[in-house]
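# curious how this folds, go ahead:
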Amino acid sequence: MEMLDLSSWAACLTASGKWILVEGKKDQAALLALGVDHVKEMERKPLYKIVDECSALGTEWILLVDLDSEGKKLYSVLRSEFEKLGIKIDHVFREWLFRETNIRQIESLNELSSTCHSPGRGKPCSRLVRSGKIGLR
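All right, here's what the predicted structure looks like:
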C-alpha cells in the first residue's frame, strides 16, 4: 500500500498493526477520527513510566509527536529511551507527515480529517491545501 494522501497514510498506519504513541487527547482523537487504532496517549506521565508501559504493550512503536521544535526534542528523548529497551521505532509515518504535508501538530489531523471525510462536500481537502491552512505540499 502506497502513501499518496492522508487517507492512504492513515490506512497504512492502521495496517501496520503497530502501537502509536501521541502526546495528548486531541492527538489521539485526531487519529481515531481517521480510523487509526492502537493509539496510546502520554497522559502527562513521567517519561520513564510511559516507556515502561509502552514496552509492556509491544516491541515496535510509531512515535507521532508534534513536528515543532519541542516535539523534535521529545521525539529524540523517547527514541533513545525506547531503543535502550530494544523497542524498534518506525520513522516512516512521521517522516511522511513532515515531508509531504504542512502538518506540524498531530491534533491538526482532526481538522483535516473532519473536513475531508464529510459526505457530499466534494474535495474539501484541496480547498484547505489551497488556503495554506493545512495539507499536502
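# quick check: residue 45 is in a helix.
No - membership of residue 45 in a helix is not supported by DSSP: H, G, I helix; E, B strand; the rest coil, which gives coil.
# so who does it touch?
residue 53 (CB atoms under 8 Å, 6 or more residues apart in numbering). All C-beta spots, glycine's among them, are computed from the backbone N, C-alpha and C.
# gap between it and residue 106?
18 Å (CB to CB, to the nearest Å).
# which stretches of this protein have low pLDDT?
Along the chain, segments meeting pLDDT under 70 span 1, 112-137.
# neighbouring contacts of stretch 26-36?
By CB under 8 Å, 6+ apart, stretch 26-36 touches 6-7, 10-11, 13-14, 20, 22, 39-41, 64, 66, 105-110, 113-114, 117.
# tell me the gap between it and the middle of its chain.
Centroid displacement of stretch 26-36 relative to its chain, using CA atoms, centre = their mean, to the nearest Å, is 8 Å.
# over to stretch 15-27?
On CA atoms, centre = their mean, the centre of stretch 15-27 falls 6 Å from the chain's centre.
# export that stretch as PDB, just CAs?
As requested, the backbone C-alpha atoms of stretch 15-27 are provided in PDB (Å, rounded to 0.1, in the frame of the first residue of the first chain):
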ATOM      1  CA  ALA A  15      -2.500  -1.800   8.500                       C
ATOM      2  CA  SER A  16       0.900  -1.700  10.200                       C
ATOM      3  CA  GLY A  17      -0.600  -3.100  13.400                       C
ATOM      4  CA  LYS A  18       2.000  -1.200  15.400                       C
ATOM      5  CA  TRP A  19       1.200   0.800  18.600                       C
ATOM      6  CA  ILE A  20       1.300   4.600  18.100                       C
ATOM      7  CA  LEU A  21       2.300   7.000  20.900                       C
ATOM      8  CA  VAL A  22       0.900  10.500  20.900                       C
ATOM      9  CA  GLU A  23       1.300  13.500  23.300                       C
ATOM     10  CA  GLY A  24      -2.300  14.200  24.200                       C
ATOM     11  CA  LYS A  25      -6.000  13.600  24.000                       C
ATOM     12  CA  LYS A  26      -6.500  15.800  20.900                       C
ATOM     13  CA  ASP A  27      -3.800  14.000  19.100                       C
END
